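Q: coordinates for the following, if possible.
(one chain, ligands or ions: 1)
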Amino acid sequence: MSAIPLSPSNRITLSARPQPRRGTYFVQTWGCQMNEEDSEQIGLYLESIGFEKANNMLEAQVILLNTCSVRKKPEDKAFSLLGELQILKKTRKDIIVGVCGCMAQARSEEIKRRAPFLDFVLGTGDLGLLPGLVEEAAQNRKFRMRVELPERKGTVVEEVPQRRIDRVPKLKAFVPIQYGCDKFCTYCIVPTTRGRERSRPSADIYEEVALMASAGTKEVTLLGQTVNSYGKNLLEGRVPFSQLLWKLAEIEGLERIRYTSPYPRDFKADLIEAVRDCPKVMEHCHLPLQSGDDEMLVEMKRVYTIESFEKIISELREAVPHMGLTTDVIVGFPGETDRQFENTLATMERIRFDGAYMFAYSIRPGTPAGDRKDQIPEDVKKDRLARLIDQQNRIAAEKNEEWIGREMEILVEGVSARNPGTLQGYSREFRMVCFKGDPSRVGRTAKVVGVSAHQWGLVGELI
Ligand code: SF4
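A: Numbers count the residues shown, from 1 in each chain. I've put the predicted structure just below:
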């Protein structure tokens, strides 16, 4: 089943035929895996109209900034790079420079004002517009702005055609299965920058993963902002996320399926069963907690309680005792008191995640939390973050120690750059493991026993 196009006049579909070489492109990417994935898609679109990947930005004819709005830092970096590109463009008038991604969606007018030399600003609604924008820029240099988001909830506009078929196969690949978000957490800009939740038709996903597996991909990570709510509003009818996992598990050659990030409230029994019973679904779950305090969760508009979150954790651990569990946590959300922060520390200590991405709250203009007057001072946020990281680092090292003497299955990804002769990869539970071995093992799974543990993972020995 094909995706429903947004149908702007200048949408160009990827050409299957090779195009004459026209120059090179460079994409600078900030942000999440979804953005990394978009950048790959951007590359495919540019290659479809005759551009090749440049080795560096300075030699490229088309330069794209694929931006991120989740925190302030990547936005600052994008504006700083735009300043440098303005200088470059004075001497190289032929280059085409565009901004896309979440920041292009959320701050298009400001970008246009601060970087008037740009050729175009393209939001997240439809990357398929990119070839047309580049063609127009090459012909008449008029500034273009395309930041419409799909109007209809459930409409999938993102076409993902012919992906990677001509590329060197990747051992591991990310596969977006859902775009946008309907949750509207008060700190988050994603529903504004990526629009309402839309799922890709299951047949498209299956076809893409099968194509990648036939080319040598062994592991896929399914991507979505709330990945486990996948499958609503599809023309084919509702497809539960667990059903998609079972279906993809049928693909020959595919060995591992991961997914990120599930939303706690939507984590139901059928998904726990798939994690327990489907051998290709890895025993790891990244379940964002965000805060360990019920009052904070209400303020964040996260629709679950600590009790219900811990119930999912217990059920997962009961189903798969060695389950790897990781999370995201924000400290210093507006109004967070010392007591509420202590509750987060206590919750994290009780749950004992194997790893966590921990952040100090960053004001996102245009979000309910960003407009609040009770912002926490930077030094308090910094102090809370340092305390949480200290605690979590200790727990992570202790959790890794539990794997000393135990067997792990590692997908060998490569040879360590620092220690030639040492191979590295991730266990099924998402532990980074290094061990001595022959490079011919790269690309295959290996059985390894843990011999020493660190905060970052384990050193092991081949069995
Ligand atoms: S679930 Fe919340 S934090 Fe995650 S993308 Fe949606 S709005 Fe943002």
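Q: surely Arg21 touches Gly50?
A: Yes. Counting by Cβ atoms under 8 Å, Gly50 is a contact partner of Arg21 at 5.8 Å. C-beta coordinates here come from the backbone N, C-alpha and C atoms, glycine included.
Q: of these two, who's got more company?
A: Gly50 (15 against 9; other Cβ atoms under 10 Å).
Q: need the pLDDT of that one.
A: We note a pLDDT of 90 for Gly50 in this prediction.
Q: how much space between the residue of the stretch 251-400 of the chain found nearest the ligand and Leu81?
A: Residue nearest to the ligand within the stretch 251-400 of the chain: Tyr263 (5.6 Å; Cβ to the nearest ligand atom). Distance from Tyr263 to Leu81, counting by Cβ to Cβ, to the nearest Å: 33 Å.
Q: what about Ala203, how many residues nearby?
A: Neighbours around Ala203, by other Cβ under 10 Å: 13.
Q: that one: which element?
A: Take DSSP states H and E as the rule and Ala203 turns out to sit in helix 202-214.
Q: okay, the following helix or strand past that helix in CSV with CA atoms only?
A: Note on helix 202-214: by DSSP H and E, the next helix or strand toward the C-terminus is strand 219-223. C-alpha atoms of strand 219-223 as CSV (Å, rounded to 0.1, in the frame of the first residue of the first chain):
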residue,chain,number,x,y,z
GLU,A,219,19.2,-5.7,13.1
VAL,A,220,16.6,-3.0,12.8
THR,A,221,15.4,-0.5,15.3
LEU,A,222,11.8,0.7,14.7
LEU,A,223,11.5,4.4,15.3
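Q: so what does the helix or strand that comes right after strand 219-223 touch, helix or strand wise?
A: As assigned by DSSP H and E, the chain's next helix or strand after strand 219-223 is helix 241-248. Packing partners of helix 241-248 (3 or more Cβ pairs under 8 Å, 6 or more residues apart in numbering; DSSP states H and E): helix 202-214, strand 219-223, strand 256-260, helix 269-277.
Q: let's have the ones you listed in CSV, adding distance to the ligand.
A: Below are the helices and strands packed on helix 241-248 laid out as CSV (distance: least, Cβ to the nearest ligand atom, whole Å):
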stretch, distance to the ligand
helix 202-214, 20
strand 219-223, 12
strand 256-260, 11
helix 269-277, 16
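Q: turn the ones you listed into JSON lines, including mean pLDDT.
A: Shown next, in JSON lines, are the helices and strands packed on helix 241-248 (pLDDT from 0 to 100):
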{"stretch": "helix 202-214", "mean pLDDT": "93"}
{"stretch": "strand 219-223", "mean pLDDT": "96"}
{"stretch": "strand 256-260", "mean pLDDT": "97"}
{"stretch": "helix 269-277", "mean pLDDT": "97"}
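Q: which parts of the stretch 251-400 of the chain sit against the ligand?
A: Within the stretch 251-400 of the chain, the positions lying close to the ligand (Cβ under 6 Å from any ligand atom) are Tyr263.
Q: for the stretch 251-400 of the chain, what spans make up the strands?
A: Using DSSP state E, counting those that start in this stretch, the strands of the stretch 251-400 of the chain run over residues 256-260, 284-286, 324-331, 355-360.
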